[in-house]
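> predicted model follows, preceded by the sequence.
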Amino acid sequence: MKSSHLDAKTMLAVDIGEISTRAMLFDVVNGLYRFLAVGTATTTAAAPYYDIGQGVRLALDRLQEVTGRTLVGADELIIMPVQADGSGVDTIAATLSVGPPIKVVAVGLLDDVSLESAQNLAASTYASVVESVSLNDRRKPEERVDTILRARPDVIIIAGGTDGGASQSVLRLVESVSQACLVLPEGERPDVLFAGNQSLTDSVKSSLGPVTSLHIAANIRPTLEVERLDPARFKVGQIFRNIRAKQIPGIHELDIWADGQLAPTATAFGRVIRFLSKVYDPAKGVLGLDVGASATTIAAGFADDLILGVYPQFGLGKDLPDLLKYSRLKNIKRWLSVEISDDYVRDYIYNKSLYPVSLPVTGDDLAIEQALVREIIRAAVSKTIRHYPKEGCRARADVLPWFEPIVAGGSVLTNAPTVAQCLLMLLDALQPCGVTTLVLDRNRLAAPLGAAAGINPVLVVQVLESSTFASLGSVIAPVANVRPGMPVLRIHMTYESGKETDLEIKHGNIELIPLPQGQSANIRLRPLHRTDVGMGGPGRGGTVRVVGGALGVIVDARGRPLSLPKDIGQRRELMKKWQRALGD
């Protein structure tokens, strides 16, 4: 008999990525939950297997080799619950990001209200909005039907009408969707999610229920001023899981193992970020980013509010060339400190899309890859930043809000040749402001922990509090409007030993203050020339406690936004200066 979630101790988490399949084991050590080990294998969703099950079995084999535990029985099934001899697991959590973006048609009344909310909802999972339909587009009903038919969507998201508001206009759009579904063969009809005026639910069921798979969620735009995506995100996750189960063999079996709780990796990642935002400073948000092959995910938690963006067009896998549709080649090359031709950079992008697992083999290749990471993160953040709170949470409208901490993941970051290179990629791309901590999810556990949250929240809390996540360092990033070379900040630092040190920071510089990993210090900040360090407004300072990370404490006074010289020679010298400052 399967043990209850309350007394479960051993958990297996399985994550199916575009490139890698990972099996992770969590158990109680000395009375506390800890991450024990991971087994990794190549994902087998594509040729020649076309079944994720083979990759899962290989990952489990490697996990068993590493831990010495028996997790799989002679019948090739997971042993559940844990047996008297220590074999097996009690519970399983699973996350999934493999597969092409699901194609979405967004339907709403007004372009800048309900249609925008439908598009935002689609952007919270691995999806691509291939077409939009609204009353604003002035198309005739038959033209709307043709638009949907040409798009051949996997999902149609319908929003519109505040609760108790518009009805006939919404029902006309619903009718267009119904007619399109009727024309399509039964096996090709899209799932439909209705997240509009709830008083129309019965009418929507009558129109769409008989012709396609219909899902109902709470209104994502209950009033003109309020967007509420959370309840609908859960439904989108279910739809994503069902579509993937039809597309890729083995996913249905994995979902059974996970007791029907298989979650999109990005959704689970967002859960962890939201959890952390409730634990840390309520005056700041918590930012999470994950740079993967299938997509880049940006999650920002502000207390109970989660802003989640999933961008397949900004993945480092087969869709990498799509980056050139959103960012010019010169914007990618601005991050290079070496002279490389446009053709070489473009060729690298296309070769990387064909062989996502390939690693840079030359200094030029490494420079290009790290430039791509910077531009990908910048592009993804720019998509979400307009949704962040406007008041009281940032120095200026054009910079990142105050965040504490910032959690970053993705093998391109964790496998960087040096910690300093990883840190500099994040500082350049995110350009954080105020006082924050940069944390690296070196074992890529954030999403699996998010999936585990609904099963065993105690496990999640205790693993997050362990040393599994690596602090790169505390970052102090003043926002100033002065000429380079002018002093913007005075720092008085008191170590645990009682030792004291004073520094004056000049605009344009990046400085490294030694502080051993895990040790704390008190820092008194005195901003100059109306510099803002996130302590109540321009020119206001105070004392903050910081904890040393892999690189101690980093003061990034290079300016916000960061300005890079156009001349390659000047840029090379400047970037070398920054690298030397970080000891790289």
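Nice, I can see it.
> could you give the bridge partners of the closest residue to A452 other than its chain neighbours?
Distance criterion CB to CB, 6 or more residues apart in numbering; nearest residue to A452, sequence neighbours excluded, is A93 at 4.4 Å. All C-beta spots, glycine's among them, are computed from the backbone N, C-alpha and C. Beta bridges link A93 to A13, judged by DSSP bridges.
> ditto for L440
Applying DSSP bridges, one finds that L440 bridges with A408, A470.
> repeat for I510
D556.
> I'd like the numbering to begin with 22 instead of 1 from here.
Noted, 22 is the first residue going forward, which turns the last one into I531.
> doesn't V359 fall inside a helix?
No: counting by DSSP: H, G, I helix; E, B strand; the rest coil, V359 falls outside a helix, being coil.
> that one contacts A388, correct?
Yes: in this structure, V359 is within contact of A388 by CB atoms under 8 Å, at 5.5 Å.
> more crowded one of these two?
Taking other CB atoms under 10 Å, V359 and A388 do not tie; A388 has more neighbours (20 against 14).
> and the more buried one, how far from W356?
Separation of A388 from W356 (CB to CB, to the nearest Å): 8 Å.
> over to Y371?
Y371 is 19 Å from W356, by CB to CB.
> neighbour count winner among the two?
Set Y371 next to W356 and count neighbours by other CB under 10 Å: W356 wins out with 21 against 11.
> grab the nearest non-local neighbour of that one.
Using CB to CB, 6+ apart, the closest residue to W356 is A392 (3.7 Å).
> same thing with V103?
Closest to V103 by CB to CB, 6+ apart is G109, at 4.8 Å.
> in what helix or strand does that neighbour lie?
Using DSSP states H and E, G109 sits within no helix or strand.
> for K226, same thing?
Short version, using DSSP H and E: K226 is in helix 222-229.
> helices and strands around the lowest-mean-pLDDT helix or strand in the chain, which ones?
Taking mean pLDDT, DSSP states H and E as the measure, the helix or strand of the chain with the lowest value is helix 478-486, at a mean of 89. On a contact count with 3 or more CB pairs under 8 Å, 6 or more residues apart in numbering; DSSP states H and E, helix 478-486 meets strand 53-63, helix 286-300, helix 467-473.
> same thing but at 10 Å, please
strand 32-37, strand 41-50, strand 53-63, strand 112-117, helix 286-300, helix 467-473 (3 or more CB pairs under 10 Å, 6 or more residues apart in numbering; DSSP states H and E).
> what's the most buried one of these?
helix 467-473 (a mean of 30; mean count of other CB atoms under 10 Å).
> for whichever strand or helix holds L79, packing partners?
When elements are assigned from DSSP H and E, L79 belongs to helix 73-88. On a contact count with 3+ CB pairs under 10 Å, 6+ apart, helix 73-88 meets strand 32-37, strand 41-50, strand 53-63, helix 272-278.
> go through that helix and flag the buried ones.
I73, G74, Q75, G76, V77, R78, L79, A80, L81, R83, L84, Q85 (16 or more other CB atoms under 10 Å).
> thinking the fourth one is in contact with L117, fair?
No: contact between G76 and L117 fails when scored by CB atoms under 10 Å: they sit 11.9 Å apart.
> need the residues touching each of those two.
V35, I37, G38, A66 (CB atoms under 10 Å, 6 or more residues apart in numbering).
> got the contact list for V49?
A29, K30, T31, R55, L480, Q483.
> and the pLDDT for the residue nearest to A473?
pLDDT recorded at A114 is 95.
> L27 now?
Taking L27 on its own, its pLDDT is 44.
> so which elements touch the top helix by length along the chain?
Ordering each helix of the chain by length in residues (DSSP state H) puts helix 384-405 first. Secondary-structure packing of helix 384-405 (3+ CB pairs under 10 Å, 6+ apart): strand 306-312, strand 317-323, strand 326-332, helix 344-347, helix 350-354, helix 363-375, helix 432-435, helix 440-451.
> before we move on, the earlier item: overlap in contacts of A388 and W356?
M596.
> domain parsing for the chain?
Split into domains by automatic domain parsing, the chain comes to 32-117, 123-268, 288-333+410-583.
> how long is the shortest one from one end to the other?
This points to domain 32-117. 17 Å (CA to CA, to the nearest Å).
> roughly how far out does that domain sit from the chain middle?
23 Å (CA atoms, centre = their mean, to the nearest Å).
> thinking again about what came up before, dump the shared contacts of G76 and L117 to JSON lines, plus pLDDT and distance to L583.
Formatted as JSON lines, these follow (pLDDT from 0 to 100; distance: CB to CB, whole Å):
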{"residue": "V35", "pLDDT": "97", "distance to L583": "39"}
{"residue": "I37", "pLDDT": "96", "distance to L583": "36"}
{"residue": "G38", "pLDDT": "94", "distance to L583": "31"}
{"residue": "A66", "pLDDT": "93", "distance to L583": "39"}
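> coming back round to it: between the longest helix of the chain and strand 326-332, how many degrees?
130 degrees (axes from the mean of the first three to the mean of the last three CA atoms, to 10 degrees).
> which parts of helix 384-405 are buried?
385-386, 388-402, 404-405.
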